[in-house]
Structure formats: C-alpha cells, structure tokens
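Enquirer: Give me a model of this one.
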Amino acid sequence: MWFRRIFRKPTPEMGGAEALPNVLPAAATARREVVPEDGRYIEAAMTELVKVGLRLAPAARDDPARVAASIAYDCRGSSFAGEPGLGHWALFALAGHADGPRPFENAIRVDDHCYDVAEASDYAAMISNIAAMAGDKWPVKSVEARNASDPHKRIEFGKPVAITIHADPEIPPFELAHGKDFDWSVIFRLNERLPGDVEERFAIFLDGDATIVFLSPEDIGRLDAMTGWEFFYLDS
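Expert: The predicted model follows:
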C-alpha cells in the first residue's frame with residue numbers, strides 16, 4: 001500500500017528512537033509481511049497514540065478492535081525487512097483505512113500525487129479537511145482556491161494557486177505552487193494563520209503521501225519519539 005520514502009533521519013531532539021526498518025516492495029524477499037491478524041498491534045498503537053494527544057474518532061472509540069482490524073486488512077502484504085515495531089504500527093494507525101472512517105479526529109492522511117490534473121475545488125476540499133482538524137479552536141467558514149493570475153480561468157500547471165481561507169477574523173490569502181505533487185508548504189502557511197491563542201500546530205510526515213496531525217509542539221515531539229520520524233511544523 002505504501003512504501004516509505006523518508007526525507008530526514010531522526011534528530012537528537014527526538015530522543016532515543018531508532019530509525020524504522022525500510023518497507024520493501026512486495027516483490028522483494030522480506031522476513032515479515034502485514035497480515036490481518038496484526039490488527040491487535042495496530043489497536044495497541046492506537047492506545048499509545050491517544051497518550052500523545054491523538055483523539056479517537058467516534059467509530060474508533062466505539063469499536064477500536066474493528067477499526068484496527070480493517071486497517072490491518074487494508075495494509076496486508078506490506079513487507080518489512082525486519083519485525084515491525086510500535087512506530088510502524090503507529091504510522092499504520094494514523095494512516096487509517098484507505099476507504100474507511102478516520103481513526104483519529106486530529107489526524108488525516110492524504111494523497112500527494114497527480115495534482116497536475118487537480119481542479120481548484122480539489123485544493124479547497126483538501127485544505128478544508130486539514131483545517132477542520134482544529135475544530136472549535138479555528139472555526140473556518142470556507143476555503144476558496146482560484147487561479148492566482150486570472151481568477152476567471154481554471155488553475156494551470158506550473159502557475160500559482162491563490163488560497164483564501166474565510167474565517168473570523170479574516171486572514172491574509174496565500175499562494176501554492178500547482179504541480180504534479182501537492183505543495184506541502186500549505187502546512188506552514190496554515191500554522192502562520194492560526195489564531196494567536198492556539199497552542200497546537202499542524203505537523204506533517206511525508207512518506208510518498210502525507211500524514212498530518214494537529215497537536216501541541218510538546219505532543220508532536222512525543223509523537224516523533226514514538227514513531228522514530230519527524231513530523232514537521234516549522235518552516236525552516
């Protein structure tokens with residue numbers, strides 16, 4: 001399902017977490033593949049994720065074992081060079097089932113590919129879904145995306161997309177690059193526009209697609225230590 005493409009190694013600030021073994025293509029020889037019975041490990045990881053600030057969505061609160069089992073079934077066949085650890089299962093849990101309900105209210109996984117054919121409405125919908133993780137802490141009314149050069153034309157490959165977030169109070173618009181892959185600087189632009197009294201930040205982990213959480217900086221650090229990888233939230 002997903003073969004991890006890691007952009008940065010663990011840093012000293014992340015504590016003693018070890019780098020996770022690489023996920024191998026299914027055709028490669030591996031000692032371990034995900035099987036449906038691994039739902040128990042994903043459920044255990046969900047419990048640990050709650051301890052670092054993740055909030056279970058209604059379906060996961062009602063029947064965490066069922067949600068975890070559906071994720072394991074969806075990810076069956078993913079191959080590892082070694083026995084997966086808690087960090088792996090946590091990332092599976094955060095990603096959730098491709099076609100099922102999200103396990104967490106403040107975590108979302110989104111595709112990063114083929115945005116060269118995206119419409120303005122696709123940008124608006126994705127950013128709305130990300131912003132919605134903030135809930136009442138950032139009540140966004142709507143998100144508008146349009147061609148930055150000519151609002152009357154469709155968005156164009158290689159040209160910027162203007163993003164306007166309608167909230168109270170109003171906030172300045174910003175632009176994203178429109179290419180094959182999504183412009184994830186949106187995470188930093190959103191953080192810059194959060195209300196001043198909001199402690200939490202949007203943070204992103206990139207592995208070929210994107211897993212995004214909305215947590216306090218302290219909890220982001222704890223999540224980094226749990227998974228062994230960094231969720232970025234600072235534009236640096």
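
Enquirer: And the residue nearest the centre of the chain, how far from residue 71?
Expert: Residue closest to the average C-alpha location in the chain (Cα atoms, centre = their mean): residue 211, at 1.7 Å. As for residue 211, its distance to residue 71 is 13 Å (criterion: Cβ to Cβ, to the nearest Å). For glycine as for every other residue, the C-beta is placed from the backbone atoms N, C-alpha and C.

Enquirer: Now for these two: what residues contact both?
Expert: Overlap of the contact sets of residue 211 and residue 71 (by Cβ atoms under 8 Å, 6 or more residues apart in numbering) consists of residue 95.

Enquirer: For stretch 197-204, list every residue counted as buried.
Expert: 200, 201, 202, 203, 204 (16 or more other Cβ atoms under 10 Å).

Enquirer: Just put those residues in JSON lines and tack on secondary structure.
Expert: As requested, these are exported to JSON lines (DSSP: H, G, I helix; E, B strand; the rest coil):
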{"residue": "200", "secondary structure": "coil"}
{"residue": "201", "secondary structure": "strand"}
{"residue": "202", "secondary structure": "strand"}
{"residue": "203", "secondary structure": "strand"}
{"residue": "204", "secondary structure": "strand"}
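
Enquirer: quick one, what contacts the residue lying farthest from the centre of the chain?
Expert: Using Cα atoms, centre = their mean, the residue of the chain lying farthest from its centre is residue 152. It sits 31.7 Å away. Residue 152 makes contact with no residue, according to Cβ under 8 Å, 6+ apart.

Enquirer: Also residue 189?
Expert: 163, 174, 176.

Enquirer: Show me how the record splits the protein into domains.
Expert: 12-111+198-227, 115-183 (automatic domain parsing).

Enquirer: Can you show me the strands along the chain?
Expert: 23-24, 32-33, 79-80, 107-110, 140-147, 160-167, 174-177, 201-206, 210-215 (DSSP state E).

Enquirer: mind putting the ones you listed in a markdown table, mean pLDDT and distance to residue 64 included?
Expert: Listed next are those as a markdown table, based on pLDDT from 0 to 100; distance: least, Cβ to Cβ, whole Å:
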| stretch | mean pLDDT | distance to residue 64 |
| --- | --- | --- |
| strand 23-24 | 50 | 24 |
| strand 32-33 | 92 | 23 |
| strand 79-80 | 88 | 23 |
| strand 107-110 | 93 | 14 |
| strand 140-147 | 96 | 29 |
| strand 160-167 | 96 | 33 |
| strand 174-177 | 95 | 36 |
| strand 201-206 | 97 | 22 |
| strand 210-215 | 97 | 18 |
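
Enquirer: and these as JSON lines, adding distance to residue 52?
Expert: Shown next, in JSON lines, are those (distance: least, Cβ to Cβ, whole Å):
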{"stretch": "strand 23-24", "distance to residue 52": "23"}
{"stretch": "strand 32-33", "distance to residue 52": "25"}
{"stretch": "strand 79-80", "distance to residue 52": "23"}
{"stretch": "strand 107-110", "distance to residue 52": "11"}
{"stretch": "strand 140-147", "distance to residue 52": "25"}
{"stretch": "strand 160-167", "distance to residue 52": "27"}
{"stretch": "strand 174-177", "distance to residue 52": "29"}
{"stretch": "strand 201-206", "distance to residue 52": "12"}
{"stretch": "strand 210-215", "distance to residue 52": "7"}
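
Enquirer: so which of those is the most packed in?
Expert: strand 210-215 (a mean of 24; mean count of other Cβ atoms under 10 Å).

Enquirer: contacts for it?
Expert: 52-54, 91, 94-95, 104, 106-112, 130, 133-134, 182, 184, 187, 200-205, 220, 223, 231.

Enquirer: angle of that strand against strand 201-206?
Expert: Angle, strand 210-215 to strand 201-206, by axes from the mean of the first three to the mean of the last three Cα atoms, to 10 degrees: 160 degrees.
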